[in-house]
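[1] Show me the folded form of this:
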Amino acid sequence: MPEGARLVKVDRDVEDGLAPLAGERFDAVVDVAPISYEWVRRALAAFGEQAGHWTFVSSISAYANPGIPPTGTGDPLLPPRQEHGTRELLTTDPDAYGSIKVASENAVTATVGDKALIARAGLITGPGDEFDRFGYWPQRLTRGGRVVVPDIDRLVQYIDVRDLAAWLVDAAEHGTTGTYDAIGPAQPLLDLLSEMADVLGADVEFVRVSEAKLHELGVKPWMGPKSLPLWLPESHRYMTARDAAPTLASGLTPRSLADAVAGALDHERTLGLDRERKSGLTAEEEAEILAAL
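    Here you go, the predicted model:
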C-alpha cells in the first residue's frame, strides 16, 4: 500500500461484510461498485450519513436512448433495477448493467443528497483494461499492412483510467457535486484510428468495409470475439457522442492521444499481443475478410 494508506479487507457480498470498517468516518467515499445495487445500499447504510462527500461511478449505459442525439445528463434513463448483477446476466440482458446503475444512482442521491457526485463514465481505457476494445487498435496498427475498418461516420469517446481517477480524487477534494458524463471529447472513429496510426508511425492501409458486408461476414460491432471494437451498431450510434464540455470545465483533463495509446499498448504487451483476445479480429479472421472483399 502507498505510504499513509491502510488496506482493510471487506466482503461486499454479505450483509455485514463492511463490519471491519465500523465506526470509521470518511471525508470522501468513492464507490466503484460495478453491477450491484446491494453493494451500494450496504455502503450507504454504513457510511452515507458520516461521509463528507460521496462519489458513485456510474455509466453512460444508464441512458435509455443511445440511438438518438443526446442533450445532457437530464436525458431519460433506463428503468431502475434493485438487484445484484453478474457478468453472466449481461450476456443475456445487456440493459441490466445500465438499469442497476440507475437504481444505484437513485440510492446515492436519496441518501446523501447534495453531497453526491455521480460520474457516468464512458469507455474506460488504459492500464488494467480487460475488455480489449480500445487496446485492440494500437496493437493491430503496429502490425501494419491492410487494416479492416468499418465504413461509418459515427463518433467515439474514451477516457484513460488514470485521467478519470485523477479527476475523481480532485473532485472529492474540491467538493464537486452533481451528475457528469465522465468522458473525453468525441471525434469520428476513422479520424481517431488515423491519428493513432500517425502517433505510432504505423505503415497501414485502411480498408473500409460497409456495415452490411461486415454483418454478412459475421463480424460483430463494439466488442466480443470476431468483432471490430468501437464500431457501434445503429441502435447505439450516439452512445459515444455525449457532451464532455461540462466535465472538462469541472477539471477533467484528458491526456494526449500519444500518452493514451502508449499506456494501452504497454498494457497489451504485458498481457501478450498473441493472446486469445476478448474483442477484435484475429490475423486469420482479418485475412479471410480481406480475401472476401
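[2] residues in contact with the residue positioned nearest the centre of the chain?
    Nearest residue to the geometric centre of the chain (CA atoms, centre = their mean): Leu123, 2.8 Å. By CB atoms under 8 Å, 6 or more residues apart in numbering, the contact set of Leu123 is Arg133, Phe134, Val156, Gln157, Tyr158, Ile159, Ile183, Leu230, Thr240. Yep, even glycine has a C-beta here, placed from its N, CA and C like the rest.
[3] let's see it at 6 Å
    Counting by CB atoms under 6 Å, 6 or more residues apart in numbering, Leu123 makes contact with Tyr158.
[4] What pLDDT is listed against it?
    The model reports Leu123 with a pLDDT of 96.
[5] Same check on Leu200?
    Value for Leu200, per-residue pLDDT: 96.
[6] Now do the phi/psi pair for it.
    According to degrees, to the nearest 10, the main-chain angles of Leu200 amount to phi -80, psi -10.
[7] Also Val147?
    Per degrees, to the nearest 10, the backbone of Val147 is at phi -120, psi 120.
[8] Quick check: it vs Thr73, distance?
    35 Å (CB to CB, to the nearest Å).
[9] Would you mind splitting the chain into its domains for me?
    The record's domain parsing of the chain by automatic domain parsing lists 1-121, 127-156+185-241+251-293.
[10] can you redo the ones you listed as CSV with mean neighbour count and distance to Thr176?
    Output for the domains of the chain, formatted as CSV (neighbours: other CB atoms under 10 Å; distance: least, CB to CB, whole Å):
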stretch, mean neighbour count, distance to Thr176
domain 1-121, 16, 6
domain 127-156+185-241+251-293, 17, 7
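[11] which stretch among the ones you listed comes nearest Leu168?
    domain 1-121 (5.7 Å; CB to CB).
[12] Can you get me the start-to-end distance on that closest one?
    26 Å (CA to CA, to the nearest Å).
[13] from the middle of its chain, how far away would it be?
    With CA atoms, centre = their mean, to the nearest Å as the basis, domain 1-121 stands 15 Å off its chain's centre.
[14] Same question for stretch 264-282.
    Per CA atoms, centre = their mean, the centroid offset for stretch 264-282 relative to its chain is 18 Å.
[15] CA atoms only for it, dumped as PDB, please.
    Output of stretch 264-282 as PDB, limited to C-alpha atoms (Å, rounded to 0.1, in the frame of the first residue of the first chain):
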ATOM      1  CA  ALA A 264      -2.900   1.000 -23.800                       C
ATOM      2  CA  LEU A 265      -0.100  -0.600 -25.900                       C
ATOM      3  CA  ASP A 266       2.100  -1.200 -22.900                       C
ATOM      4  CA  HIS A 267      -0.800  -3.000 -21.200                       C
ATOM      5  CA  GLU A 268      -1.400  -5.000 -24.400                       C
ATOM      6  CA  ARG A 269       2.300  -6.100 -24.400                       C
ATOM      7  CA  THR A 270       2.100  -7.000 -20.700                       C
ATOM      8  CA  LEU A 271      -0.900  -9.300 -21.400                       C
ATOM      9  CA  GLY A 272       0.700 -10.700 -24.600                       C
ATOM     10  CA  LEU A 273       0.000  -9.500 -28.100                       C
ATOM     11  CA  ASP A 274      -0.600 -13.000 -29.300                       C
ATOM     12  CA  ARG A 275      -3.000 -14.000 -26.600                       C
ATOM     13  CA  GLU A 276      -6.600 -15.100 -27.200                       C
ATOM     14  CA  ARG A 277      -8.400 -11.700 -27.100                       C
ATOM     15  CA  LYS A 278     -11.900 -10.900 -25.700                       C
ATOM     16  CA  SER A 279     -12.500  -8.400 -28.600                       C
ATOM     17  CA  GLY A 280     -11.300  -7.800 -32.100                       C
ATOM     18  CA  LEU A 281     -10.300  -9.900 -35.100                       C
ATOM     19  CA  THR A 282      -7.500 -12.400 -35.200                       C
END
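[16] what does it rub up against?
    Contacts for stretch 264-282 (CB under 6 Å, 6+ apart): 125, 127, 131-136, 138-139, 223-224, 227, 229.
[17] Against Gly263, how distant is the residue nearest to the centre of the chain?
    Noted for Leu123: a distance of 14 Å to Gly263, by CB to CB.
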